[in-house]
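Engineer: turn this into a structure:
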Amino acid sequence: MSTAVHARYVLGFADGDHLLWQDATVEYDSSVIDYVGPRRESRADVTIDMGDALVIPGLIDLDAVTDIDHAILDSWSSPAIAAGLQWSQDYFQSDRAGVFDQQDRDFIRRYALVQLLLHGVTTAMPIASEVHSSWAETYQDAVGIATAAQDLGIRTYLGPSYRSGVTVTRADGARDVLWDPERGRAGLADAERFLDYARSLDDDLVHGVLLPCRIETMTPELLAATARLARERDVLVRLHSMQGLGEIEFLQRWHGASPVDMYRRTGLLACRLLVPHTTFGTSDRPRRSPSDDELRALVDADISIVHCPSTSLRYGMALDTFDRYEAAGVNITLGSDSFPPDLLRAMDEGWCLAKLLEGRLDAGSLAAYFRTATLNAARALGREDLGRLAPGAQADLLAYRLDGFRLGVVEDPLRTLVTAGRPTDLALSVVAGRTVVENGQLPGVDLGAMRGRAQALFDRMRAAYSERDYHRRGPDELFPPVFPHAGEAATVRADTKG
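Structural biologist: Down below sits the predicted model:
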């Protein structure tokens, strides 16, 4: 079925980059775009006139949160409390059970994919926390995401996470990693099994990739086995690394190596590798950002990084600097990594951080930031048919309304949307020619019921931190409110007077 979408503005593509059309049309037949250009009357089966709106390519999130968010719990704690939000050594050695059963886990993944669609993400590479699992993700978890993706209509690159060890807090409060290599090998076997499953579906909405956990929770043997499998199957690998000083200190202590050294030793430099965050290295630069040599190694190996500015900012970190990485030739893509999965907000926050760190207003251009979630991300995936509105590309597109009073006046439509827009301005989302969001709603999805169940599961997850805390503190002590609740404040005052 053919469809024509008219709008006041359309961000098309020509000569290798985006360009803006006014009073324009996008036409697609089935899943492929046929025409982008000046408005024209067509013989399409369906015509959608968006009016005062901006149509852009679908956004690609390569570190897409598919979980009940934990950053709202652990991104503001003191060191004493933060140590209790990891697994304790006692918990590691106990007969652990996950907080959620499989039905709950499948619902959580579906809830997160709905959130991604409502925030304009049309292609996602999922990320979920292992904190509330008995170890890591499973084959069945990945199958659950694949099923939800096909049902909802979002394109995914996914697989179960796996690891050889887990970061823990010892009884004295020190952080360490405890190991169970057999679980790591079993996890990789699950990941290979899912590659076969994804291929058997023969569906562009589900692609198998390898998603090992943080580099410091992987043995060198498991990293090398991952690299071999990735080369044999020609699949992407995403490995969280270069994201914290603790990780770098562990690798130096255990292996006398940097993260880049570990990529080289284990064969990962010869893979199609994505590295989320990449905010820390072994240099003596301010904020311990990667050295020029480390950036050069990433570029020479054609490694893409996944920049997550909103999450980095929330944890007090930043890419130092966006312009420096881009000038070095690093392919910078974008990820959400925590709630809200709003890549437009991430662009704005990253853009502002770039100005602050570079000390000039023209740093970190918005055009460059927009490419991270479109053209650069498509390059990382090896997909020239994504991240652009052009004939022959996949019909992945978003339409944002520009006529809302709260948006204010419109200058450049993209700049206005990124700096003043909100997810509720999203009126239309299309993935591979299928309308998945219409008038801000997902057809057939009861958002109210979904939110209620998600809140109940979040409350259960929050309470479960006490079991893992090395001091076994209650949730109200681990997560104190911003201000005391009224009843508690009255009790405190009465106790003080007494």
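Engineer: what's the local residue count around the residue nearest to D17 when sequence neighbours are not counted?
Structural biologist: Among residues not flanking D17 along the chain, L375 sits closest, at 7.4 Å (Cβ to Cβ, 6 or more residues apart in numbering). Just so you know, the C-beta spots here come from the backbone N, C-alpha and C atoms, and that holds for glycine as well. For L375, the neighbour count with other Cβ atoms under 10 Å is 22.
Engineer: from D302, how far off is L375?
Structural biologist: 15 Å (Cβ to Cβ, to the nearest Å).
Engineer: ditto for A377
Structural biologist: 14 Å.
Engineer: same drill for these two, tell me which one is more crowded.
Structural biologist: Neighbours were counted for A377 and for D302 using other Cβ under 10 Å; A377 has more, 28 against 14.
Engineer: shaky segments in this protein?
Structural biologist: In the predicted model of the chain, residues 488-498 satisfy pLDDT under 70.
Engineer: and stretch 69-87, what's buried?
Structural biologist: 69-71, 73-74, 81, 83-87 (16 or more other Cβ atoms under 10 Å).
Engineer: biggest separation within these, which pair?
Structural biologist: D69 and A83 (20.7 Å; Cβ to Cβ).
Engineer: what's the burial count for the closest residue to L268 other than its chain neighbours?
Structural biologist: Leaving aside its sequence neighbours, L268 sits nearest to A227 (Cβ to Cβ, 6+ apart; 4.8 Å). A total of 23 residues lie near A227 under the criterion other Cβ under 10 Å.
Engineer: what about A227, helix or strand, and which?
Structural biologist: Per DSSP states H and E: A227 is located in helix 220-233.
Engineer: contacts for the following helix or strand past that helix next, please.
Structural biologist: For helix 220-233, the following helix or strand on the C-terminal side (DSSP H and E) is strand 236-238. Identification of contacts with strand 236-238 by Cβ atoms under 8 Å, 6 or more residues apart in numbering yields 62-63, 125, 157, 209-212, 226-227, 230, 268, 271-276, 306, 380-381.
Engineer: next: stretch 216-234.
Structural biologist: By Cβ under 8 Å, 6+ apart, stretch 216-234 touches 162-167, 177, 179, 181, 184-185, 188, 191-192, 195, 208, 210, 212, 215, 235-237, 239, 241, 246-247, 250-251, 255, 262, 265-268, 270-272.
Engineer: emit the PyMOL select command for whichever of those are buried.
Structural biologist: Only the buried entries of the contacts of stretch 216-234 go into this PyMOL selection, using 16+ other Cβ under 10 Å:
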select buried, resi 162+163+164+165+166+167+177+184+185+188+191+192+195+208+210+212+215+235+236+237+239+241+247+250+251+262+266+267+268+271+272
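Engineer: in strands only, show me the contacts of stretch 216-234.
Structural biologist: 162, 165-167, 177, 179, 208, 212, 236-237, 272 (DSSP state E).
Engineer: tabulate these (CSV), appending distance to A486.
Structural biologist: Below are the ones in strands among the contacts of stretch 216-234 laid out as CSV (distance: Cβ to Cβ, whole Å):
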residue, distance to A486
Y162, 46
G165, 44
V166, 39
T167, 38
V177, 43
W179, 47
G208, 52
P212, 47
L236, 51
V237, 51
R272, 55
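Engineer: filter the contacts of strand 236-238 to the buried ones?
Structural biologist: For the contacts of strand 236-238, a burial check counting by 16+ other Cβ under 10 Å picks out 62-63, 125, 157, 209-212, 226-227, 230, 268, 271-276, 306, 380-381.
Engineer: returning to what we had before: now, the buried residues of stretch 69-87 that are in helices?
Structural biologist: Counted as lying in helices by DSSP state H, out of the buried residues of stretch 69-87, are 71, 73-74, 81.
Engineer: can you tell me which of those residues is nearest D34?
Structural biologist: A71 (41.3 Å).
Engineer: tell me the contacts of the residue nearest to the closest one when sequence neighbours are not counted?
Structural biologist: Spatial nearest neighbour of A71, excluding adjacent residues (Cβ to Cβ, 6+ apart): S338 at 3.7 Å. Residues near S338 by Cβ under 8 Å, 6+ apart: 65, 69-72, 75, 308, 310-311, 314.
Engineer: show me the two of these that sit farthest apart.
Structural biologist: I72 and C308 (15.4 Å).
Engineer: strand partners of the strand or helix carrying T122, parallel vs antiparallel please.
Structural biologist: Here T122, judged by DSSP H and E, is contained in strand 121-127. Next to strand 121-127 in the sheet, as set by DSSP bridges, lie strand 59-65 (parallel), strand 155-158 (parallel).
Engineer: quick one: contacts of the last one?
Structural biologist: Which is strand 155-158. With Cβ under 8 Å, 6+ apart, strand 155-158 has contacts from 62, 113, 122-126, 142, 145-146, 149, 194, 198, 204-209, 211, 236, 381, 396, 431-432.
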